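Participant: Structural data only, the sequence is not supplied:
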């Protein structure tokens, strides 16, 4: 397995996830889609940094400490003393799939601290509403364009939620610019149902390829499809016993990026391995057991 000097920079929101089972709180852990990916990569000894914002409160302290404890730089975390950090409640059903309630104010988000300068060796992971939020789009859009111009490799996780459908007319240009800037777009059939009212994989790819030639399309328990100009490859999803699916997609992204950095040909296979690992536990990041295995393989 080859080693690299790449740096992975995540751009995304951060929340404190409180997990409930049968309406009782089970665990509280820092989260957020890109955040979960970056922390898992940090745990796997990848050089990482997170661009995000948190409040100047106790939750903000927990989040910054959690990044540092997992080997992720917090130098680009913007802290705001008079703003409360965001909270997410995740209610796990009988299948351990999560329904969310978010307590956050998108209008209060601000990136006004130190920001990264990109190089051609960087990998940039971004997505969710943070990547299209009109309030911070001038900053986020500039960062993504600077990364593209520097020759960095960009991975865009669409991760568009139903509660933002009313925002589509305003944010669609941002979504499509993100796809145009990305080397890989990853989304679910649900995402593209919300965005374009499309559910067929071929039709979705025909729309996405206007902007980006590579699409990873996930569809719940159905096979994962990788679309490129050369065609479509399908990867079956192995059924497993789950404890929580909260970090499943986020760690899929992290595993894919890890495979790219390490020169592993089967990137989708590694992505699935990371996703399955996090589903077997009540947390947002890969387990100590997988971390140990990865470190042993790297020797």
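Facilitator: Noted; the coordinates are in hand. The shown structure was predicted, so the numbers you read here are calculated from the model rather than taken from an experiment.
Participant: Which element, helix or strand, includes residue 113?
Facilitator: Using DSSP states H and E, residue 113 sits in no helix or strand.
Participant: Which helix or which strand is home to the nearest residue to it once chain neighbours are set aside?
Facilitator: In this structure, residue 113 finds its nearest non-sequential neighbour in residue 78, 3.8 Å apart by Cβ to Cβ, 6 or more residues apart in numbering. Backbone N, C-alpha and C define where each C-beta goes, glycine included. Using DSSP H and E, residue 78 sits within strand 77-80.
Participant: how far is that strand from where the chain is centred?
Facilitator: Put simply, strand 77-80 sits 20 Å off its chain's centre (Cα atoms, centre = their mean, to the nearest Å).
Participant: ok, and for whichever helix or strand comes after it, which residues are buried?
Facilitator: Counting by DSSP H and E, the next helix or strand C-terminal to strand 77-80 is strand 86-92. Under the neighbour-count criterion of 16 or more other Cβ atoms under 10 Å, strand 86-92 has 86, 88, 89, 90, 92 buried.
Participant: need the contact list for the residue at minimal distance from the centre of the chain.
Facilitator: The chain has residue 34 as the residue nearest its centroid, 3.2 Å off, counting by Cα atoms, centre = their mean. For residue 34, the contact set (Cβ atoms under 8 Å, 6 or more residues apart in numbering) comprises 10-13, 50, 52, 125-128, 130, 157, 250.
Participant: What about those residues, which are in strands?
Facilitator: 10, 11, 50, 52, 125, 126, 127, 157 (DSSP state E).
Participant: remind me which residues of the stretch 151-299 of the chain are low pLDDT?
Facilitator: Regions of the stretch 151-299 of the chain meeting the criterion pLDDT under 70 are absent.
Participant: show me where it has strands.
Facilitator: With DSSP state E, counting those that start in this stretch as the criterion, the stretch 151-299 of the chain has strands at 153-157, 184-188, 215-219, 222-228, 231-235.
Participant: Tell me how far the fourth one lies from the chain's centre.
Facilitator: In this view, strand 222-228 has its centroid 18 Å away from the chain centroid, taken as Cα atoms, centre = their mean.
Participant: sorry, back to before: could you export the strands of the stretch 151-299 of the chain as JSON lines, including mean neighbour count?
Facilitator: Output for these, formatted as JSON lines (neighbours: other Cβ atoms under 10 Å):
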{"stretch": "strand 153-157", "mean neighbour count": "24"}
{"stretch": "strand 184-188", "mean neighbour count": "24"}
{"stretch": "strand 215-219", "mean neighbour count": "22"}
{"stretch": "strand 222-228", "mean neighbour count": "17"}
{"stretch": "strand 231-235", "mean neighbour count": "12"}
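Participant: For residue 284, find the nearest of these.
Facilitator: Closest of the strands of the stretch 151-299 of the chain to residue 284 is strand 153-157, at 14.6 Å (criterion: Cβ to Cβ).
Participant: circling back: skipping adjacent residues, who's closest to the residue nearest to the centre of the chain in space?
Facilitator: residue 12 is the one closest to residue 34 (Cβ to Cβ, 6+ apart), at 2.8 Å.
Participant: Using TSV, please lay out the contacts of residue 34 together with distance to residue 243.
Facilitator: Below are the contacts of residue 34 laid out as TSV (distance: Cβ to Cβ, whole Å):
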residue	distance to residue 243
10	24
11	29
12	24
13	24
50	25
52	26
125	25
126	28
127	24
128	23
130	27
157	22
250	15
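Participant: For PyMOL, write a command that selects the buried ones of those.
Facilitator: Applying 16+ other Cβ under 10 Å to the contacts of residue 34, the buried members can be selected in PyMOL as follows:
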select buried, resi 10+11+12+13+50+52+125+126+127+128+130+157+250
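Participant: Among the contacts of residue 34, which one sits closest to residue 260?
Facilitator: Closest to residue 260, out of all of those and judged by Cβ to Cβ, is residue 125, at 11.0 Å.
Participant: Let me know whether that closest one touches residue 257 as I believe.
Facilitator: Yes: using Cβ atoms under 8 Å, residue 125 is in contact with residue 257, at 6.4 Å.
Participant: shared neighbours of the two, which are they?
Facilitator: With Cβ under 8 Å, 6+ apart, residue 125 and residue 257 have common neighbours 8, 37, 155.
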